[in-house]
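*Asks:* sequence and predicted structure below; questions after.
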Amino acid sequence: MPRPSAEIWRELSSLKKRDPPASGGQPVPLRPGFNRGVDILDLTRVSVTHEAKYWFLRTCADAKELRMLEVAFMVANGKPDNCQLFLQLKKRRPQGRKVEIVEFNGYNVIDQLTYLSHLVEARSITWISPVAGRLPIQTLPLPTLVDLKQFITPTTWPKLRALDLTGIPRRQLVKFSDECIAHILDCVPDSQLEVFKLQGSTFGPLGAKALKKQFPCLQDLRLEPDGIDAQSEFL
């Protein structure tokens, strides 16, 4: 698994870029401290060293499209490490419009929720089967309704149109309760969600009631059959 150095991530986070030309064909002028990094960042099976984490997160924060598959955070002794730097993103909010987080190793679900809660520009979010990697399961705190209410509010994702919370069979460590699913859906503006995918978690009457508010706009709905509660209106 490749391990780009801190210098590489720092260079990527410092790249200058311009927005598409404005009316009249003239490019939008660069603003100091803005318009840096890469627009599209697609990472598969990449290790991030302890020294490189800060610059890695800056690079991720600037990407408008971000896909991370099997990304592992490491420390000097080669063991996975929790990424507390997510807590600093209030100073540099992620610009991601389309974000896919798939199978992470080395930091916990609460850190991931912290990152997701800063995606105010997100139109599409995919959060698939957060896993602990080589960490013991007991070191991976699972999100409760209290956690979700802290990180996800009605102002968290004002532009969200697609949400994918798909699990990976036999590998999923996070299973949302019906109350948690309902809270997430209630925090998306009514009649705005076009895509909703949920597998590996129970979908019950509370989730069904919250999802009804999205029916006028909903185009793609995928629910795992075994995960539908007997009291749900979707039977």
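*Replies:* The structure has been received and is ready for your questions. Residues are numbered from 1 along each chain as shown.
*Asks:* show me the strands in this structure, by range?
*Replies:* Secondary structure of the chain by DSSP state E: the strands cover 40-48, 65-73, 98-102, 124-128, 162-165, 195-198, 220-223.
*Asks:* how about these in JSON lines, adding distance to residue 146 and mean pLDDT?
*Replies:* In short, each C-beta sits where N, CA and C put it, glycine included. JSON lines is the format used below for the strands of the chain (distance: least, CB to CB, whole Å; pLDDT from 0 to 100):
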{"stretch": "strand 40-48", "distance to residue 146": "29", "mean pLDDT": "87"}
{"stretch": "strand 65-73", "distance to residue 146": "26", "mean pLDDT": "83"}
{"stretch": "strand 98-102", "distance to residue 146": "22", "mean pLDDT": "88"}
{"stretch": "strand 124-128", "distance to residue 146": "19", "mean pLDDT": "89"}
{"stretch": "strand 162-165", "distance to residue 146": "18", "mean pLDDT": "91"}
{"stretch": "strand 195-198", "distance to residue 146": "21", "mean pLDDT": "91"}
{"stretch": "strand 220-223", "distance to residue 146": "25", "mean pLDDT": "90"}
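*Asks:* put together a markdown table for the ones you listed, with distance to residue 208 and mean neighbour count on each row.
*Replies:* Formatted as a markdown table, those follow (distance: least, CB to CB, whole Å; neighbours: other CB atoms under 10 Å):
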| stretch | distance to residue 208 | mean neighbour count |
| --- | --- | --- |
| strand 40-48 | 35 | 16 |
| strand 65-73 | 30 | 19 |
| strand 98-102 | 26 | 20 |
| strand 124-128 | 21 | 19 |
| strand 162-165 | 15 | 19 |
| strand 195-198 | 11 | 20 |
| strand 220-223 | 10 | 14 |
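*Asks:* and the helix or strand of the chain with the lowest mean pLDDT with strand 65-73, angle?
*Replies:* Lowest by mean pLDDT, DSSP states H and E among the helices and strands of the chain is helix 109-116, with a mean of 78. Relative orientation of helix 109-116 versus strand 65-73 (axes from the mean of the first three to the mean of the last three CA atoms, to 10 degrees): 150 degrees.
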